[in-house]
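S.K.: Sharing a model that was predicted from the sequence below.
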Amino acid sequence: MPLLPYLEADRVEAGCDEVGRGCLAGPVVAAAVILPTDYHNPWINDSKKLKKSNREELIEEIKYKSIAWAIGEASVAEIDQINILNASFLAMERAIGQLKIQPDHLLIDGNRWKSNLDIDYTCVIKGDGKLTSIAAASILAKVYRDRLMEDLAEEFPHYGWERNVGYPTPAHRQGIQQYGKTIWHRSSFRLLPKQLDLDL
């Protein structure tokens, strides 16, 4: 089923999504994208359903064809301080705030949203598989975050971030067990299963 180009054609809509909520390490990253109402690309879909090479190809197209796009993030310290859900909202708010055009309406991936922005919004569950602008935002955010974690893997090579980008894979947890946590690990998360808990 093709993704919808908009919810309402007569307004400027920004699709918003975030990536990295379930990771043990790294920031949570969000993107906001405003696309022309007549934009169509059958390859754009939920970033998780696309191959890495497809995402890499699509980001240049999205950036070029969009009316506006922006990236925002919330740091590990902010995640630990205000929790991952609120940090996700903060990252999205920062992305929206950096758009060169203020949208009339926000299309938020998920079932909850809160911010200090005075912009109407609609939450769309699994929106990255329903609306083109949300899917485009998911692609931008994922490529940005994956590249960040791949770069950090060069400095912290024991956790497999170049492959798992911070998600809790066996290799990542084995690295934590053997080498301890880094400054990029989220201390508010359970980094290891209970039976493997160390004095982290």
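M.R.: Nice, thanks for sending it over. Numbers count the residues shown, from 1 in each chain.

S.K.: Any regions of the protein where pLDDT drops low?
M.R.: Scanning the chain for pLDDT under 70 picks out 46, 194-200.

S.K.: Now do the strands in it.
M.R.: 13-19, 28-34, 68-74, 105-109, 120-124 (DSSP state E).

S.K.: Any chance of those in JSON lines with mean neighbour count and distance to Arg190 as columns?
M.R.: The way it works is simple: take the backbone N, C-alpha and C, and place the C-beta from them, glycine included. Shown next, in JSON lines, are the strands of the chain (neighbours: other Cβ atoms under 10 Å; distance: least, Cβ to Cβ, whole Å):
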{"stretch": "strand 13-19", "mean neighbour count": "30", "distance to Arg190": "20"}
{"stretch": "strand 28-34", "mean neighbour count": "30", "distance to Arg190": "17"}
{"stretch": "strand 68-74", "mean neighbour count": "22", "distance to Arg190": "20"}
{"stretch": "strand 105-109", "mean neighbour count": "23", "distance to Arg190": "25"}
{"stretch": "strand 120-124", "mean neighbour count": "15", "distance to Arg190": "28"}
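
S.K.: could those be laid out in CSV, adding distance to His185?
M.R.: Converted to CSV, these look like this (distance: least, Cβ to Cβ, whole Å):
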stretch, distance to His185
strand 13-19, 17
strand 28-34, 14
strand 68-74, 15
strand 105-109, 26
strand 120-124, 30
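
S.K.: Please name whichever of those is nearest to Asn164.
M.R.: With Cβ to Cβ as the criterion, Asn164 lies closest to strand 13-19 of the strands of the chain, at 13.3 Å.

S.K.: residues contacting Ala68?
M.R.: Ala68 makes contacts with 14, 32-34, 99-101, as judged by Cβ atoms under 8 Å, 6 or more residues apart in numbering.

S.K.: And Ala95, how close does it get to Gln81?
M.R.: Relative to Gln81, Ala95 is positioned 20 Å away (Cβ to Cβ, to the nearest Å).

S.K.: any idea how far His105 is from the nearest residue to Ala141 once chain neighbours are set aside?
M.R.: Using Cβ to Cβ, 6 or more residues apart in numbering and skipping residues adjacent in sequence, the residue nearest Ala141 is Ala31, 4.0 Å away. From Ala31 across to His105, the span is 17 Å (Cβ to Cβ).

S.K.: The longest helix seen in the chain - contacts with which helices or strands?
M.R.: Scanning the chain for the helix with the most residues, using DSSP state H, yields helix 132-155. Secondary-structure packing of helix 132-155 (3 or more Cβ pairs under 8 Å, 6 or more residues apart in numbering; DSSP states H and E): strand 13-19, strand 28-34, helix 52-65, strand 68-74, strand 105-109, helix 161-164.
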